[in-house]
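Peer 1: Okay, here's the prediction I keep looking at, along with the sequence it came from:
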Amino acid sequence: MKKLLTIVCGLSISLLGYARQSDVEFGVVEADTLSLDVVDTRTILPYDYSPDFTYEMVEERLAGLNSGVPIQLNERVFSFIDYFTVRNRDYIRSVQQRAEVYFPIFEKYLKEYDLPEELKYLSIVESGLRTNAISRVGAGGLWQFMPATGRFYKLHQDWYIDERMDPEKATEAACKYLKQLYGMFGDWDLALAAYNSGPGNVRKAIRRSGYKKTFWEVYRYLPRETRSYVPQFVAILYTMNFNEFHNLYPDEKEYMMAYDTVMIDQYLHIETFANLTGLCADDILKLNPHLIRGVIPETVSNYPLRIPSDKMEFVYENMDFLLDSAGKVGKEHLEKLAQNMPGSTYGRENVRYRVQSGDVLGTIAQRYHVRVSDLREWNRISGNMIRVGQTLNIWVLPNYQSKPNLYTPSSTIAKVPTQSTVISASVGADGSKYHMVQSGDTLWDISKKYGNVSIEKIKQLNNLSSSKIHVGQKLLIE
């Protein structure tokens, strides 16, 4: 009897949960139909009802979808549809919640670049509509640009700002890239595969397949992750268009707040600026997610800052006060952090160095007064291996000279000779200046020692066809 009572009570609770779900969905159960007395003070969780569906039902729905991107349904795609609509429903609800913030931006640029509107769902596959998403390999933002690709499409990146996180700029860059990829392959599935793995991997897969022309024909030759990428895109496209058939609705929706822009020409501490204007700093940073350190650095000029529209009048009326007050907080501290972070290029100039025989990272780092960890970051080196002839990017502080810790204004370089300059310089009878090559010297080092005489000028004066020099060689400088 006790066992029977337990079963009946359990069934009553389940029915109550289902009745409440039906009440929301079908409107057939009144609020006072069932008494809560039978369950005492227990909490009843709403039943997340996931309707059954078949392959044929999905096929019929997709057939009626007027899509600008060709859609092919197969068992691989169907398995991902099952995953998103049944097994990972919370993920779909989370992107539904953010969709109204970003989809209007996506649709605007897709229309501007004459691209299919369905491509807006690609960002869900890439980042889950999270502006600050960073992958394990360093891809970032809504559209997951790798750093080099982002820079190619004019997305500024430094220690303070990462425009891969900017919804507007990153979306426009993604549209340019997608349009270029479609121009390469003439097929949207292959273009999407190339967006994920790079056009080189797709071309390789095409060659290995015997020059087949479609994604599914070259499928087995693509990288493992890319094989899942296009099926996931189709599954997301289906799920977002037919969510009601699967009882998938967001718990709440987010919307982009109305904003205007103000142009900033100086360092600005966002939290201080927000406090002085009566705003929440989080709101400003949501509008400007690319300001990854919470400041605008002084290195930029005429930089657009998005702020809520209802505060624009106050900002314009008090601009001088706001800029003065928020233009000092944390500046010196952040600048020191920016310059000392491994791999930072902030406030530095780029020098390209060709690896010579006998070079190791430690000696190169010592020569240019940088850290080995910096060299690794700047050149994507995972260990210590470098090869002769390899070109390294080295970011030095302005007007570096080859004497430890000596950084001087450019106007004084010629007047402050280094120790090696004093030892190796000589003057001919006709007044010509010569340099005796020392161990570790490069043409770049020598050009800096003598008042920024150019490398090309040194090569021309000494009939050098390359940058190779040897210890003891006497070079005419001027």
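Peer 2: Received it, and whenever you're ready, just let me know what you need. Residues are numbered from 1 along each chain as shown.
Peer 1: can you pull out the helices in the stretch 151-300 of the chain?
Peer 2: Counting by DSSP state H, counting those that start in this stretch, residue ranges of the helices within the stretch 151-300 of the chain are 167-185, 188-197, 199-208, 215-218, 224-241, 270-277, 281-287.
Peer 1: Report all helices and strands that the second one contacts.
Peer 2: For helix 188-197, the helices and strands in contact under the criterion 3 or more CB pairs under 8 Å, 6 or more residues apart in numbering; DSSP states H and E are helix 167-185, helix 199-208, helix 215-218, helix 224-241. (Glycine included, C-beta is placed from N, CA and C.)
Peer 1: mind checking which of those helices is nearest residue 332?
Peer 2: For these, proximity to residue 332 was assessed by CB to CB; helix 167-185 is nearest, at 29.1 Å.
Peer 1: What are the buried residues along the closest one?
Peer 2: Across helix 167-185, burial judged by 16 or more other CB atoms under 10 Å covers 167, 169-178, 181-182, 185.
Peer 1: hmm, back to that, right, and the helices and strands packed on helix 188-197 - which one's nearest residue 355?
Peer 2: Minimum separation from residue 355 across the helices and strands packed on helix 188-197 (CB to CB) falls at helix 199-208, 25.0 Å.
Peer 1: what inclination does that closest one have with respect to helix 167-185?
Peer 2: Using axes from the mean of the first three to the mean of the last three CA atoms, to 10 degrees, one finds that helix 199-208 and helix 167-185 are set 20 degrees apart in direction.
Peer 1: mind listing what the residue nearest to residue 176 when sequence neighbours are not counted touches?
Peer 2: With CB to CB, 6 or more residues apart in numbering as the measure, residue 153 is the residue that lies nearest to residue 176, at 5.9 Å, once sequence neighbours are left out. Contacts here follow CB atoms under 8 Å, 6 or more residues apart in numbering; on that basis residue 153 touches 145, 173, 176-177.
Peer 1: remind me which residues of the protein are low pLDDT?
Peer 2: Across the chain, residues meeting the criterion (pLDDT under 70) sit at 1-47, 331, 333-342, 346-347, 397-432, 439-440, 451-452.
Peer 1: how many neighbours does residue 60 have?
Peer 2: Counted with other CB atoms under 10 Å, residues neighbouring residue 60 total 10.
Peer 1: Which secondary structure elements does the one helix or strand it maps to sit against?
Peer 2: Take DSSP states H and E as the rule and residue 60 turns out to sit in helix 55-63. The contact analysis (3+ CB pairs under 8 Å, 6+ apart) places helix 55-63 against helix 75-82, helix 224-241.
Peer 1: which of the ones you listed sits most buried?
Peer 2: helix 224-241 (a mean of 21; mean count of other CB atoms under 10 Å).
Peer 1: Can I get that one in PDB, CA atoms only?
Peer 2: Extracted as PDB, the C-alpha positions of helix 224-241 are listed here (Å, rounded to 0.1, in the frame of the first residue of the first chain):
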ATOM      1  CA  ARG A 224      38.200  16.700 -38.900                       C
ATOM      2  CA  GLU A 225      36.800  19.900 -37.400                       C
ATOM      3  CA  THR A 226      35.800  21.200 -40.800                       C
ATOM      4  CA  ARG A 227      33.800  18.100 -41.600                       C
ATOM      5  CA  SER A 228      31.500  19.000 -38.700                       C
ATOM      6  CA  TYR A 229      31.400  22.700 -39.500                       C
ATOM      7  CA  VAL A 230      29.100  22.800 -42.400                       C
ATOM      8  CA  PRO A 231      26.600  20.200 -40.900                       C
ATOM      9  CA  GLN A 232      26.500  22.300 -37.700                       C
ATOM     10  CA  PHE A 233      25.700  25.400 -39.800                       C
ATOM     11  CA  VAL A 234      22.800  23.700 -41.500                       C
ATOM     12  CA  ALA A 235      21.600  22.300 -38.200                       C
ATOM     13  CA  ILE A 236      21.700  25.800 -36.600                       C
ATOM     14  CA  LEU A 237      19.900  27.300 -39.600                       C
ATOM     15  CA  TYR A 238      17.200  24.700 -39.300                       C
ATOM     16  CA  THR A 239      16.800  25.100 -35.500                       C
ATOM     17  CA  MET A 240      16.600  28.900 -35.500                       C
ATOM     18  CA  ASN A 241      14.000  28.900 -38.200                       C
END
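Peer 1: Now do that helix: distance to the chain's middle.
Peer 2: 21 Å (CA atoms, centre = their mean, to the nearest Å).
Peer 1: Next, format the helices and strands packed on helix 55-63 as TSV and append distance to residue 376.
Peer 2: Formatted as TSV, those follow (distance: least, CB to CB, whole Å):
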stretch	distance to residue 376
helix 75-82	38
helix 224-241	25
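Peer 1: show me the contacts for the closest residue in space to residue 454 that isn't next to it in sequence.
Peer 2: Take residue 454 and drop its neighbours on the chain: the residue closest to it by CB to CB, 6+ apart is residue 447, 6.1 Å away. With contacts defined as CB under 8 Å, 6+ apart, residue 447 is in contact with 453-455, 457-458.
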